[in-house]
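Visitor: Could you work out the structure for the sequence below:
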Amino acid sequence: MRFRLQSLIVILFMSLLPAAALSAQTIEVDVELVLAVDVSRSMSPEELDIQRRGYAEALVSDEVIDAMGDGLLGRVAIQYVEWAGQYNQRIVVDWTLIEDRADAQAFARQLLAHRSPSMSRTSISGGINFAVNAIDTNAYSGNRRIIDISGDGPNNQGPYVALARDEALASGIIINGLPLMTRDGIYSQFDIERLDLYYRDCVIGGPGAFLIPVLSWEEFPEAVRRKIVLELAGRPSPPAHIMPTSGSILDLPGGESDCLIGEKIWEQNRWMWTDP
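Guide: Alright, predicted model coming up:
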């Protein structure tokens, strides 16, 4: 009797394996892409609105739709996250499978339906760590896994940004950057002179990683569109990983940036009790 009971349990367990395996399967896509967008307090409400509209318009543009369709599978998975301080990350649009224009339009509508206030501090490392976990735990399996991170200042809270970057790269994730160098923030004392070089040396990384500096908000929509097209198409980046939005090539002095400059600036200015 005991043997029969054990056999019955084994047969029942084996019969459930196909269903369990099916439920555990992931959806294969060309790209898993996290759009990680800075909403720290240095961003004005107008700038936050420009960002949302810029990403929404880019995702439904002909160029981006064509790039999605040109992939081996013709489908991608995208998540839109807003980040600020070390523990301030918010999923605005969760992982969405995009296979055609209708899917992209639905994603854009969700994005434009939200209006979020800015949050405190600037933790690029927190944003990276959050995005890495989102990629590792989603229901998709991408040929390429990418974090697309934008921001208007250096890391000033949380783990060191270079450490967070290196851990992401070790997981096979690519990080691309969109440094916002518009020089019109309300916390200018936390700005650094060459945010593009800081992003190059301390934030981006992985095969073909690149960044596109934004020098004015008028450039933002085109910069976002170009960036997403390159990420979806998997095209190689130019030398130095810098792609200016304007026609002129940005000066790229030698040497590495100080990846702790944001933390140092924060310590110098914390007596003001500001919280960018």
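Visitor: Output the below-cut-off pLDDT ranges for this protein.
Guide: The model of the chain has pLDDT under 70 over residues 1-24, 116-118, 183-191, 235-255, 270-276.
Visitor: Do a quick rundown of the helices in this structure.
Guide: Secondary structure of the chain (DSSP state H): helices located at 2-24, 45-59, 62-69, 101-112, 124-136, 161-170, 195-198, 220-233, 261-269.
Visitor: in stretch 110-123, what's buried?
Guide: Neighbour counts over stretch 110-123 (16 or more other CB atoms under 10 Å) mark 111, 118-123 as buried. The C-beta positions use only the backbone N, C-alpha and C, and glycine is treated the same way.
Visitor: Could you do stretch 207-217 as well?
Guide: Under the neighbour-count criterion of 16+ other CB under 10 Å, stretch 207-217 has 209-215 buried.
Visitor: Stretch 148-163 now?
Guide: Of the residues in stretch 148-163, 148-162 count as buried by neighbour count, 16+ other CB under 10 Å.
Visitor: same deal with stretch 62-75?
Guide: By 16+ other CB under 10 Å, the buried positions in stretch 62-75 come out as 64-65, 67-68, 71, 75.
Visitor: what's the distance between residue 168 and residue 89?
Guide: As judged by CB to CB, to the nearest Å, residue 168 and residue 89 stand 15 Å apart.
Visitor: quick revisit: nearest to residue 79, of the helices of the chain?
Guide: Nearest to residue 79, of all those, is helix 124-136, at 5.8 Å by CB to CB.
Visitor: Tell me how many other residues surround residue 267.
Guide: Using other CB atoms under 10 Å, residue 267 is surrounded by 11 other residues.
Visitor: what sits against it?
Guide: For residue 267, the contact set (CB atoms under 8 Å, 6 or more residues apart in numbering) is empty.
Visitor: partners of the nearest residue to residue 172 once chain neighbours are set aside in the sheet?
Guide: Nearest non-adjacent residue to residue 172, counting by CB to CB, 6 or more residues apart in numbering: residue 145, 6.4 Å away. Per DSSP bridges, the residues bridged to residue 145 are residue 32.
Visitor: is it true that residue 208 touches residue 234?
Guide: Yes. Between residue 208 and residue 234 there is a contact at 7.2 Å, judged by CB atoms under 8 Å.
Visitor: rewinding a little: just the closest of the buried residues of stretch 110-123 to residue 228, please.
Guide: Scanning the buried residues of stretch 110-123 for proximity to residue 228, where the rule is CB to CB, the winner is residue 111, at 13.1 Å.
Visitor: Tell me the spacing between that closest one and residue 32.
Guide: From residue 111 over to residue 32 the distance is 18 Å, taken as CB to CB.
Visitor: which ones are touching residue 63?
Guide: Residue 63 makes contacts with 225, 229, as judged by CB under 8 Å, 6+ apart.
Visitor: separation between the closest residue to residue 93 other than its chain neighbours and residue 156?
Guide: The shortest distance from residue 93 to any non-neighbouring residue, by CB to CB, 6+ apart, is to residue 80 (4.2 Å). Note on residue 80: its distance to residue 156, by CB to CB, is 23 Å.
Visitor: Then residue 178?
Guide: 18 Å.
Visitor: and if you look at residue 137?
Guide: With distances taken as CB to CB, residue 137 is found 27 Å from residue 156.
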